[in-house]
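# coordinates only, sequence not included:
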């Protein structure tokens, strides 16, 4: 537990430091992205209030839409409009580029989720390539009672829990389904980063 | 990866092996299926690139569906020959057997993380021998640790007899180790207080199969796929032998295979099966015998049995009583059932018996099991009703949820159903276990049954129940290899208490670091009626190592030595060394060899793992994974056994193996009891030549005649304990088992892989929404699962009368004590579990759910019925996982895609 606290402190300090120095600039680097990812998972209320980066990303964040930090090397792409989203209707898009393996989906789930944005913190986006063997998950989004899932994958039935950062609910995947980090600016929703490696890639940001 | 291992921090890149990376074949360390894997190893700083020409996979990145890919969790850094290397372990994309095309489970997919790396959660691997001084385990030299162990062991045997030396070892952890260990414990120590990780006594896991003549692992994986109807009992293969499901059952289902699942849970594989029209017989725990018997009864009532098969392959009155030389009185069957409880005079006699037992009427069985009688009839129809004069090809697979609910009754009943529908000896028509652990046992000695002080009625000795032996205070030295012992057994609390009393609470505790003083103290402890504990493991396990062991030996494991093991279709592979073992850790064959030599035993001075394998091979002759002929072939070719098996890569070869000396060709064996195998084919395979051993099991059944014994399965032998355990008042049934994401006690994954830790941070219990509502329980609540009436059999007794081991008799005579048992869990409110039943992880060592399971062995076989329990459940608060989104998941496992 002391390790966790130490790490939280480290993240807190580095986030405060780096997001000012680097995350808001075009030359942001991967360590910043790392902090963003860790921040999202480890973040506590105390850290949130001390931070000025995209608070809307954080579970329980109180100041949605307040900041607009760019995320380490990832493009900031406008992918949808808040006003056009309907509960449980998916919006497909590509991220972080238009190359192989970039298919993603955004959905307003109507229930709060880890990493959710919007007033209800219910808007999330994920890759739709299964992180087991690359099976297509397009069209497999489902709402069942209070649960929101992607899958089961048609290949080997991996099922992901979209309220919990895409963790494997059942199945064989080696990691969570990659979550797209989102930001809101007025009515616009931006994709700004990615948690987890996309299937088929050795790195998310391919060399040109 | 983050340093804290309770949350996995997703990475967005992973290194690729360069073109010239070393490629080493191995197989998965976990479930019975044992998928083929390739490890790519290269020195740090020389990564490959995304172009096909620049990486070891020869593919362009980004790759396509099903192509090679490296998830960040599949990479690690290890020491190899003392130098730091990158290693990537991914399923073999070239595999043509088992995990064809490189499929994998979530367990095996993360194998790279098993390898020791001080920067990960494997940092606490045991690296030096430890000895307990002043209550603390302290590092010592191999020399001293082994001297102490050997001196105390010799003393205990001399002063208290071999049976005071109780040995409990894994049955599966590679043939080299199991051979060396069992040679030491059985041939040399010769103790009757010997058993394996999953049973209190050294007895067969499936008495009904054994007595009918069915091998546990006769079928090949293709047989499961090629059946028209497949019955799956007591498991969801998707959860626990994943690739068997995804590579064999899923394609079969898509082609119209009819699948019947018999168990209390609707997990992902069951839900998927139902989506394809499959039948789920969602029964209450322990009612399998009734349902299976009822299915057989419906078949017989309709005359759907496979009459030709029965005529040819089922023992009649004369066959049932005949024997090879010694007569049936000396077969294990008769040892278990002298009073004709199971024996029949042939098929008609069985039929007559079954039709006379009212509990096997479909309506009656359905009522007790909590299912619809129409489903029993439907199952019978699918399994046996001829279509256009032809019987469907039916196969039956069982696993622990089934054979550990009513060990003898269920395995007898299923054998008789299999026999009735003609399953057992033809392609697509087989019966067997799906399997749990891989098959890595080779016996180095035979169990000294005559020395067992435990006797069942008649003049029949039974393998000693090591738990009861210990609880009765007879064990002076407990030698525990690679198992937690305590949490793995039922009635856990009582066993824990007794270990504490005999070890920790004994006044003879080591206070000095002096070797002679330590030996003296430990001898004094044994002499005073206490117990000394020796433990080998890869991690310090709690409590067996952390609290009770006096001496701990650090073991080397998978990937740290070359080892041989077989999977659930008897497929033998070489599991190669991938990295240096941590510190001074050594394989168990070496540890036991050193201890044996110090005790004055000869034949333990092996220099390497291959030497052990080669010595063991002749003891494999005649068994289902016989690998002796691989050695013969290897030696003729000037190779070692390990070298020869290495050539077989991830494909391996299926045992039993045969060798044609004339053609120089080695043969594997696709299925056992292969009644379609001709004499000519056997001859081609060299079965009549040299050291080949033509065993009955290859073309016939494992019975006294080579034909099947059809057996009765009287409910009355079991109904008293079933009724005692069945829920009273506010109780619910409680059963437990494995789940997909966790292998066994979670020593590799739940405890050390941050991602799996995040998924399953705590013991869980599934409860049906109706049951939860009544008790005010919601998903994420912390609950207590408890019972004040866990029955435990406490005495080692001699049975005299016919019913002496029957539960109601034991109870009447005061041998049953009712103890308290409890564990905490996070509630998962879900329709996955049948209403009226609770389900938890069987092997969570922190919150052992076996605590509420009955510790009374099956009165015929001596196995525990681990899956039989009942308990109350109450909310004790909210878990930290209830209102956050980082850990766990409350999503039910039975969600399917809508079509």
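Right, received. Where do you want to start? Quantities reported herein were computed from a predicted structural model and do not represent experimental measurements. Numbers count the residues shown, from 1 in each chain, chains lettered A, B, ... in the order given.

# Nearest to chain A: which residue in the stretch 551-700 of chain B?
In the stretch 551-700 of chain B, the residue that lies nearest chain A is residue B:650 (17.3 Å; Cβ to the nearest Cβ). Just so you know, the C-beta spots here come from the backbone N, C-alpha and C atoms, and that holds for glycine as well.

# Now do the same contact list for that residue.
Counting by Cβ atoms under 8 Å, 6 or more residues apart in numbering or on different chains, residue B:650 touches B:25-27, B:36-38, B:92, B:94-95, B:97-98, B:573.

# Can you tell me which of those residues are buried?
For these, a burial check counting by 16 or more other Cβ atoms under 10 Å in any protein chain shown picks out B:25-27, B:36-38, B:92, B:95, B:97-98, B:573.

# Walk me through the domains of chain A.
Annotated domains of chain A cover A:2-57, A:77-195 [automatic domain parsing].

# and if you look at chain B?
If you go by automatic domain parsing, the domain ranges for chain B are B:22-124, B:130-198+B:440-558, B:207-308+B:348-433, B:585-603+B:619-699, B:718-878.

# what's the most buried one of the ones you listed?
The highest average neighbour count among the domains of chain B, using mean count of other Cβ atoms under 10 Å in any protein chain shown, belongs to domain B:207-308+B:348-433 at a mean of 23.

# shaky segments in chain B?
Residues of chain B meeting the criterion pLDDT under 70: B:1-6, B:323-339, B:459, B:899.

# who touches the closest residue to chain A within it in this structure?
Using Cβ to the nearest Cβ, the closest approach of chain B to chain A is made by residue B:885 at 2.9 Å. Residue B:885 makes contact with A:59, A:112-115, A:163-165 under the criterion Cβ under 8 Å, 6+ apart.

# Could you count how many residues lie near the nearest residue to it once chain neighbours are set aside?
Using Cβ to Cβ, 6 or more residues apart in numbering or on different chains and skipping the chain neighbours, the partner closest in space to residue B:885 is residue A:114 (2.9 Å). The tally of other residues near residue A:114 (other Cβ atoms under 10 Å in any protein chain shown) stands at 24.

# Tell me how far the residue of chain B closest to chain A lies from residue B:891.
Distance, residue B:885 to residue B:891, by Cβ to Cβ, to the nearest Å: 12 Å.

# for residue B:414, same thing?
Residue B:414 is 33 Å from residue B:891, by Cβ to Cβ.

# got it, and residue B:608?
Taking Cβ to Cβ, one finds residue B:608 at 48 Å from residue B:891.

# And for residue B:619?
To residue B:891, residue B:619 is 48 Å away according to Cβ to Cβ.

# thought residue B:893 was touching residue B:267?
Yes - contact criterion Cβ atoms under 8 Å: residue B:893 and residue B:267 qualify, at 4.8 Å.

# who touches both of these two?
Counting by Cβ under 8 Å, 6+ apart, the contacts common to residue B:893 and residue B:267 are A:170, B:239, B:832.

# just those now: which is nearest residue B:841?
Distance to residue B:841 across these (Cβ to Cβ) is lowest for residue B:239, with 11.5 Å.

# what's residue B:702 in contact with, if anything?
Residue B:702 sits next to B:210, B:213-215, B:673, B:696 when contact means Cβ under 8 Å, 6+ apart.

# go on, residue B:316?
Residue B:316 makes contacts with B:345-347, as judged by Cβ under 8 Å, 6+ apart.

# Residue of chain A nearest chain B, please.
For chain A, Cβ to the nearest Cβ, closest residue to chain B: residue A:114, 2.9 Å.

# Tell me the secondary structure of that residue, please.
Under DSSP: H, G, I helix; E, B strand; the rest coil, the three-state class of residue A:114 is coil.

# That one touches residue A:176, doesn't it?
No - assessed by Cβ under 8 Å, residue A:114 is found out of contact with residue A:176, at 10.2 Å.

# can you give me phi and psi for residue B:314?
The phi/psi pair for residue B:314 (degrees, to the nearest 10) reads phi -110, psi 130.

# again with residue B:78
The phi/psi pair for residue B:78 (degrees, to the nearest 10) reads phi -130, psi 170.

# which non-adjacent residue is nearest it?
Nearest non-adjacent residue to residue B:78 (Cβ to Cβ, 6+ apart): residue B:579, at 3.7 Å.

# Go ahead and confirm that neighbour touches residue B:560.
Yes - with contact defined as Cβ under 8 Å, residue B:579 reaches residue B:560; the gap is 6.5 Å.

# Give the residues shared as contacts by those two.
Contacts common to residue B:579 and residue B:560, judged by Cβ under 8 Å, 6+ apart, are residue B:116.

# ok so, going back, now render the shared contacts of residue B:893 and residue B:267 as a markdown table, adding distance to residue B:629.
A markdown table is the format used below for these (distance: Cβ to Cβ, whole Å):
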| residue | distance to residue B:629 |
| --- | --- |
| A:170 | 42 |
| B:239 | 36 |
| B:832 | 46 |
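
# These in helices, which ones?
Among these, the members found in helices (DSSP state H) are residue B:239.

# Show me what the biggest helix by length in chain B is packed against.
Using DSSP H, we find that the single longest helix of chain B is helix B:142-160. Applying 3 or more Cβ pairs under 8 Å, 6 or more residues apart in numbering or on different chains; DSSP states H and E, one finds that helix B:142-160 contacts strand B:130-133, strand B:165-169, strand B:477-481, helix B:515-527, strand B:532-537, strand B:551-554, helix B:588-598.

# tilt between it and strand B:532-537?
Here helix B:142-160 points in a direction 140 degrees away from that of strand B:532-537 (axes from the mean of the first three to the mean of the last three Cα atoms, to 10 degrees).

# Most neighbours out of the contacts of residue B:885, which is it?
residue A:165 (31 neighbours).

# Okay, strands next: where are they in chain A?
Shown for chain A, the strands assigned by DSSP state E span residues A:77-81, A:90-94, A:103-108, A:123-127, A:142-144, A:147-150, A:159-161, A:167-170, A:179-185, A:188-195.
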